[in-house]
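> just coords:
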């Protein structure tokens, strides 16, 4: 067996401790598969004395995290600090410029600075790997960038945030409203104290931007992801979706569109009504799933645990095994210079069936106003349900739900523009496309 | 860009033609991802003049397939001839001994001779790749051998035969019996003229033996796979499963067991009652799916099209891209010398809930006889349903279905042994475990 692969770990939170535990527990197996031992030699974190459930005293310690990048006894730096900029980015830059491989679980950093870091890795002939940044333990970057590498990917979509999926499936099974389920998820550790990044779709958008670059061979373009989250979804929406044979999931979707012969990239994270017969409808709790449609392979689905120390550590160590084996696929499956800069698509051309929910004042003429706007904008209505104010709860708003026939998204946008500012609407409408 | 990777193709059936079409259609993309062009230079098949929908006249032609292995202008031989022995095996041996990489879609050959071929590849420092042999286009060998490489896999199971899955889901949706659906599947090209290998589970067993070796780090042991197929399943079984909240799927399952401190390998292909809430229940038609449970990653699911020229070609070319990139993972993720020879497990220890269906003579005392056997063998009955002979069809047999509580499989075996040869039974009982 050759020399061990020597690792420095920056960040000793649950994932960092999980990586240490995994390398210990499965050490012999990992060495056999990797062809050499994988050894942690140095670590860095904010608090040296904190009990992490694993013994870190045998590793060298650097108070200054970026010092890990300069150690002579280290081949790979594993960055598990998090944050798109700051110390994580400083460490990543120094690691790659200094001639060491980088493995990271940091989706925000790759979504914002992936191009720069991939260029650094390319120019130094180094590995930059981030399987753990997308969909936790699911080897989906490998699945797309290597397993489906022969395909032109035509469409990619998936459930990329376990917190949202947990909240939505809890709302589904208990009938409770968003706020209550969020509190419960926070108590269980499925949601952060500040849940904004998760529930407003930003975390899913980070992952989507990374997946899209890999799948379509385009530059990472996080800034063009159109993002909406799940905080406005009510129990009534879930009940209504159920009656229509659907469940609600937060779905990230990316697709190539041609506009005037030019490649354009559509990227969006939003809640979607998923038909119960669709594989994504069966994805419950904190599970993630990614569907990719290739021009030869057809539809592939990858599913598994999207977060947690075990799955994330599994993905980090898979990257380390790849490096130990000398598997040298480019970070985005193509040399960074070949990734195309592609302008965002105009979503108006997309043909969708949409669920639109209006919270209305309970007064005459409201339905006429809404249906007139639909007619004037050319939206064809497939079904409409109004739930009257329940007798026993005068605080419940009156909801009107409309499902459109398939048509251009621009028509729906136009209909909603006609209704904007109407005193009949108590809040902006909630629009969710149907996926079937 | 470096020299092209030069390919010889043996076998020009639908998959061979698919590989040529894929390399043409996505050629630029494949070259960009692989870092070099992938070029077919020579081909061989039985009939030179057959129209295959792709132009083969530009390639060199060898009437003798094994001559491909000796060509100076070839780096990789792609074997798409099929058959566990004969010309395919001769070509594989000659290719690897002669210093060329081998890519194959031949599950029977790898199930029977995978150890010998992997040893040849290892000793010559060559790639032996067979992603297309298991689950068509799904990159499951890569997913397990690389993506989940850090894990000890504890259990592996899946739907590995698209023909059986198509037949079962058609029986489900139409209520038709096995024979009729098989004929229809043959007419549609989903089943072979001689469907034995598919419907009796042999094809699934080939794939299971390959997956098990990869997942558990054991020698391929096809001979120890316990195999039963789907030909005895009746419409009444599917209706009964439905009433119990289950669907029937042909499932290949492999699991490590410890017996007296020794590793043992359980490998079985059989029809299973899958709870409708389980992801495998949603796997319809000719789709394949593999579930692997790792000690850190948890449950992973890989799903996609299990056969067909497009998906199979996608997997073959993914292997070629890996070779072009210099990704050199061992065929079974471990050097062949480290794969353990593990004896087959005694399935009697396994704890199962089982569905048992008896076809009985319509006479007094039959139920007493069956239930006494269950009692005497220690099988606890959870539910029992007897469907009386329908008035309008006196040829329909009378069926008794029993679902047991969870208990050792040995008890069920013992109960059935007590009933063996009983004149009350019109045919041997059909036993299917429940997966939930």
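Arrived safely. These figures come from a predicted structure and were not determined experimentally.

> may I see the buried residues of the helix or strand where residue A:32 lies?
Using DSSP states H and E, the element containing residue A:32 is helix A:27-34. By neighbour count with 16 or more other CB atoms under 10 Å in any protein chain shown, helix A:27-34 contains the buried residues A:29-34. (Each C-beta comes from the backbone N, C-alpha and C, glycine too.)

> can you narrow the residues you listed down to the ones near chain B?
For chain B, the contacts drawn from the buried residues of helix A:27-34 by CB under 8 Å from any CB of the partner chain are A:29-30, A:32-34.

> what residues are bridge-paired with residue A:103?
Beta bridges link residue A:103 to residue A:78, residue A:129, judged by DSSP bridges.

> give the contact list for it.
A:76-79, A:127, A:129-130, A:132, A:316, A:319-320, A:323 (CB atoms under 8 Å, 6 or more residues apart in numbering or on different chains).

> between those residues, which has the most around it?
residue A:316 (31 neighbours; other CB atoms under 10 Å in any protein chain shown).

> nearest to residue A:197 among the buried residues of helix A:27-34?
Comparing the buried residues of helix A:27-34 against residue A:197 with CB to CB places residue A:30 closest, at 31.9 Å.

> helices of chain A, start to end?
With DSSP state H as the criterion, chain A has helices at A:14-25, A:27-34, A:86-97, A:107-124, A:140-142, A:162-174, A:178-188, A:196-199, A:202-216, A:235-243, A:309-325, A:366-377, A:409-419.

> could the buried residues of helix A:27-34 go into a markdown table alongside pLDDT?
Output for the buried residues of helix A:27-34, formatted as a markdown table (pLDDT from 0 to 100):
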| residue | pLDDT |
| --- | --- |
| A:29 | 97 |
| A:30 | 98 |
| A:31 | 98 |
| A:32 | 97 |
| A:33 | 97 |
| A:34 | 97 |
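
> most widely separated two among those residues?
Largest separation among those by CB to CB: A:29 and A:34, giving 9.4 Å.

> show me what residue A:289 is bridged to.
Beta-bridge partners for residue A:289, by DSSP bridges, are residue A:159, residue A:303.

> I'd guessed it sits against residue A:302; true?
Yes. The pair formed by residue A:289 and residue A:302 meets the contact definition of CB atoms under 8 Å, at 6.8 Å.

> find residues that contact each of these two.
In contact with both residue A:289 and residue A:302: A:135, A:138, B:301, using CB under 8 Å, 6+ apart.

> what does the stretch 101-250 of chain A put close to chain B?
Neighbours of chain B within the stretch 101-250 of chain A, by CB under 8 Å from any CB: A:131, A:137-139, A:142-143, A:145-152, A:217.

> what's the most distant pair in those residues?
Spanning the widest gap among these are A:137 and A:152, at 27.1 Å by CB to CB.

> quick one: which of the two has more around it?
Taking other CB under 10 Å, residue A:137 and residue A:152 do not tie; residue A:137 has more neighbours (31 against 18).

> tell me which residues touch that one, please.
A:304-306, A:308, A:310-312, A:314-315, B:148, B:294, B:296-298, B:300.

> now do the phi/psi pair for it.
phi -80, psi -10 (degrees, to the nearest 10).

> for the contacts of residue A:137, which PyMOL command selects only the ones that are buried?
Selection of buried members from these for PyMOL, criterion 16+ other CB under 10 Å:
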select buried, (chain A and resi 304+305+306+308+310+311+312+314+315) or (chain B and resi 148+294+296+297+298+300)
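
> and the closest residue to residue A:409 other than its chain neighbours, how many residues sit next to it?
Among residues not flanking residue A:409 along the chain, residue A:350 sits closest, at 4.7 Å (CB to CB, 6 or more residues apart in numbering or on different chains). Residue A:350 has 17 neighbours, counted by other CB under 10 Å.
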